[in-house]
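[1] Test case, fold it:
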Amino acid sequence: MVQYAWLVPAMPLLAFLSIIALTYRKPITSAVVAVCCTGVSLILSLGILLAVIGGQNAEYGLEWVDLGTIKLELGVLVDPMAAVMFVVVSVVSFLVLIYSFGYMHGDPGFSRFYAFLSLFVFSMMGLVASNNFLQIFMFWELVGLCSYLLIGFWYNQPGNALPPPVAGMRAFITTRIGDVGFLLGILVLVTAVPTLNFTEVFEAAEGGQIDTGILTLAAVLIFAGAVGKSAQFPLHTWLPDAMEGPTPVSALIHAATMVAAGVYLVARVMTIVSASQESLMVVAYIGGFTAFFAATIGLVMTDFKRVIAYSTISQLGYMMMALGVTGAAAVGMFHLTTHAFFKALLFLAIGSVIHGAHSQEMRDLGGLKKEMPVTAFTFLIGSLALAGIPPFSGFWSKDEIVLSAFDAGYPGLGVLALVAAFMTAFYIFRVYFHTFLGERPAHMHKHHAHESPATMTAPLIVLAVLAVAAGWVGTPWANYFGEFLSHGEHHESGVSSFALTLMAVSTLIAVSGIFLAWLLYGRKRAEKDPLAVWLPGLYNFLSNKWYIERFYYDVIVRYGAVGLAYLLARFDRGVVDGMVNGVARVVDGLGAGLRKVQSGYFQLYAMVTFSAVVIVIIYFALFLSA
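    The predicted structure follows:
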């Protein structure tokens with residue numbers, strides 16, 4: 001099957017081309033084409049995964065430019081990491097496309113939506129399949145373009161916080177900042193070893209052909225690209241704004257796949273990142289701080305799409321921390337896999353609430369469990385997985401990250417991860433209790449909620465099953481996932497007493513967070529958030545997102561931009577304009593002199609010609625006589 005891996009990205013590309021060329025004016029047909037093509041990609045991905053489990057790996061490519069020392073190719077790399085990502089992306093994409101039948105029903109941009117989603121799936125699959133730095137960067141940028149198009153999909157409607165086009169532009173520009181670092185990192189590697197192929201670069205790094213300082217610099221620069229794409233501090237601000245797009249977009253791109261591309265990139269180049277302890281520490285500490293920082297903001301958000309957005313930032317921080325503390329891909333990729341399923345489930349369940357209750361503000365909702373039982377049940381499953389309650393999938397992957405931090409000698413990060421786990425359980429059940437339990441506020445009684453259609457609830461049920469069971473392939477007693485990503489490397493069986501203690505502690509912490517959320521929000525609805533009443537200063541600080549965005553826009557954008565504009569203006573007038581004006585004055589002087597020669601009088605031309613001839617004759621006569 002591995003030789004057909006190129007068909008995995010090719011099928012959604014075929015869907016995109018078919019929709020824009022043939023079925024654009026037939027919305028249902030467009031959706032069917034997109035779902036069928038992605039379904040074929042899913043079947044192929046599952047076959048490739050089985051083949052790789054059976055020991056098949058492959059790398060092949062087509063050279064399209066030969067620059068002498070560097071050859072550019074379009075290639076495919078199929079290994080355990082790529083096989084896992086193929087399945088994750090195709091499963092979530094397939095379910096989101098089915099879900100969108102109901103969610104986007106009647107939207108005038110229905111075909112356009114399916115075309116953009118198909119283009120995104122192609123871009124993400126191409127990124128996963130890439131075997132060289134140039135190709136992965138090309139698909140990396142195409143993924144960013146698709147994100148921009150889908151965030152601003154409702155470009156003619158005002159958003160809750162930002163107009164969608166503005167939100168899309170913020171996301172596009174912010175992630176481009178990180179992408180500059182990614183590109184520079186690639187250039188640093190190319191200067192050290194004249195190849196763009198992953199395998200060749202990794203072999204050179206392991207063989208000592210690249211200086212450790214160069215590897216450290218390249219690793220940090222490439223990680224900058226991952227910081228932008230995976231919304232890590234300090235380039236995290238774009239992801240909450242991205243919630244202005246349709247909720248299926250949030251589930252697919254901004255929870256399960258695109259934002260995970262940064263984690264996948266770091267895991268893919270782990271050979272380079274792990275070449276120095278310094279680069280590993282950068283990844284670990286930025287990830288750990290992001291996990292904690294984003295979780296604190298999730299405690300106070302009232303728009304539950306933004307709660308889940310900050311939760312996504314936090315969980316991506318967990319993944320980065322895992323990559324940094326272990327120096328290997330398995331632990332971080334395990335959490336990426338489980339998180340893709342339960343976070344997509346949470347977003348799609350929220351979309352079901354928005355579809356059925358026509359609001360995404362928690363203060364407007366309550367008591368929806370009776371009217372939307374399937375949505376309520378599946379959201380509860382996703383919440384338990386996110387909170388890290390055993391035996392749900394999130395427990396196994398989160399617990400392995402915390403244990404890895406302590407085992408690797410990062411106890412501070414381990415404690416920070418446990419604190420973030422407490423806040424995670426608190427904020428997600430704050431959403432659950434606010435939305436599905438209690439009574440609806442009086443001003444919303446006139447709105448009757450209803451359960452979503454089967455096209456929306458069926459994907460929720462499938463994702464709920466995966467949110468429960470996906471983690472069972474990576475338990476401490478039988479870590480099949482870790483062995484698979486480690487290319488069959490044997491892991492010692494058995495669980496230490498410390499690991500068992502940590503499992504019990506982390507479970508107790510998660511249960512405590514849920515219990516506190518029930519005490520504050522589950523028993524009765526308060527007119528004002530209890531946190532705002534008891535801790536007004538902290539609540540205000542967190543509501544303003546640590547004032548980081550205000551600092552960006554009030555200091556860097558406003559004053560920094562003004563100062564930069566002043567310096568650029570002085571440079572433009574003094575240097576650029578000075579050079580241009582100087583050249584103009586020289587040309588003007590030469591022109592003034594030439595104008596005297598080109599007078600237009602025939603007599604003058606005849607005299608000049610005659611004088612020149614006489615001078616030439618005299619010169620040659622003297623020369624010959626000598």
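
[2] Now the residue most central in space within the chain: closest residue in space that isn't a chain neighbour?
    Centroid-nearest residue in the chain: residue 259, 2.2 Å away (criterion: C-alpha atoms, centre = their mean). On the basis of C-beta to C-beta, 6 or more residues apart in numbering, the spatially nearest residue to residue 259 that is not a chain neighbour turns out to be residue 230, at 5.2 Å. (C-beta placed from N, C-alpha, C; glycine too.)

[3] Then residue 427?
    Nearest non-adjacent residue to residue 427 (C-beta to C-beta, 6+ apart): residue 298, at 4.2 Å.

[4] what's the answer for residue 482, then?
    Looking at residue 482 with C-beta to C-beta, 6+ apart, the closest residue is residue 330, at 4.4 Å.

[5] Give me the neighbour count for the residue nearest to residue 259.
    31 (other C-beta atoms under 10 Å).

[6] for it, what are its contacts?
    The neighbourhood of residue 230, defined by C-beta atoms under 8 Å, 6 or more residues apart in numbering, consists of 259-263, 316, 319-320.

[7] switch the cut-off to 10 Å
    Taking C-beta atoms under 10 Å, 6 or more residues apart in numbering as the contact definition, residue 230 lies against 175, 178, 223, 236, 239, 258-266, 287, 290, 312-313, 316-317, 319-320, 336.

[8] returning to that earlier point: count of neighbours near the residue nearest to residue 482?
    When neighbours are counted by other C-beta under 10 Å, residue 330 registers 25.

[9] isn't it right next to residue 486, touching?
    Yes: checked against C-beta atoms under 10 Å, the pair residue 330 and residue 486 is within contact range at 5.7 Å.

[10] can you tell me how far the residue nearest to the centre of the chain sits from residue 226?
    Plainly put, residue 259 is 10 Å away from residue 226 if you go by C-beta to C-beta, to the nearest Å.

[11] okay, and the common contacts of those two?
    Common contacts of residue 259 and residue 226, defined by C-beta under 10 Å, 6+ apart, comprise 232, 316.

[12] Tell me where the stretch 51-200 of the chain has helices.
    Counting by DSSP state H, counting those that start in this stretch, residue ranges of the helices within the stretch 51-200 of the chain are 80-103, 110-129, 133-151, 164-192, 198-206.

[13] pretty sure residue 4 is touching residue 48, no?
    Yes: with contact taken as C-beta under 10 Å, residue 4 and residue 48 are classed as touching, separated by 7.7 Å.

[14] So these two - more neighbours on which side?
    More crowded of residue 4 and residue 48, by other C-beta under 10 Å: residue 48, with 25 against 15.

[15] which residues does residue 71 form a beta bridge with?
    Per DSSP bridges, the residues bridged to residue 71 are residue 66.

[16] what residues are up against it?
    Under the criterion of C-beta under 10 Å, 6+ apart, the neighbours of residue 71 are 61, 63-65, 132, 194-197.

[17] Quick check: of these, which has the highest neighbour count?
    Using other C-beta under 10 Å as the neighbour definition, those reach their maximum at residue 132, which records 24 neighbours.

[18] tell me the contacts of the residue nearest to that residue when sequence neighbours are not counted?
    The spatial neighbour of residue 132 that comes closest, neighbours along the chain excluded (C-beta to C-beta, 6+ apart), is residue 196 at 4.4 Å. Listed by C-beta under 10 Å, 6+ apart, the contact set of residue 196 reads 70-73, 75, 131-137, 186, 189-190.

[19] The same query, at a cut-off of 8 Å, please.
    Taking C-beta under 8 Å, 6+ apart as the contact definition, residue 196 lies against 70, 72, 132-134, 186, 190.

[20] what do you get for residue 155?
    For residue 155, the set of contacting residues under the criterion of C-beta under 8 Å, 6+ apart consists of 163-165.

[21] ok, so of these, who is nearest residue 94?
    Minimum separation from residue 94 among the contacts of residue 155 (C-beta to C-beta) is found for residue 164, which lies at 25.4 Å.

[22] That closest one and residue 152 touch, don't they?
    Yes: at 4.4 Å, residue 164 and residue 152 qualify as touching, with contact defined as C-beta atoms under 8 Å.

[23] Quickly list what's touching both of the two.
    244-245.

[24] thinking again about what came up before, for the residue nearest to residue 482, what are its contacts?
    Applying C-beta under 8 Å, 6+ apart, we find residue 330 in contact with 481-482, 485-486.

[25] Buried members of the residues you listed into PyMOL, please.
    The buried residues among the contacts of residue 330 can be selected in PyMOL (16 or more other C-beta atoms under 10 Å) with this line:
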select buried, resi 481+482+485
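
[26] so where's the chain shaky on pLDDT?
    Residues of the chain that meet the criterion pLDDT under 70 lie in 158-162, 442-447, 488-494, 560-565, 593-604, 623-626.

[27] just so I know, which of the helices of the stretch 51-200 of the chain lies nearest residue 399?
    If you check each of the helices of the stretch 51-200 of the chain against residue 399 by C-beta to C-beta, helix 80-103 wins as the nearest, at 19.6 Å.

[28] Give the other helices and strands that that closest one contacts.
    Applying 3 or more C-beta pairs under 8 Å, 6 or more residues apart in numbering; DSSP states H and E, we find helix 80-103 packed against helix 7-18, helix 27-53, helix 110-129, helix 247-251, helix 260-268, helix 330-357, helix 454-469, helix 480-485.

[29] Go through these and name the closest to residue 540.
    Shortest separation from residue 540 across the helices and strands packed on helix 80-103 is recorded for helix 330-357, at 25.7 Å, computed as C-beta to C-beta.
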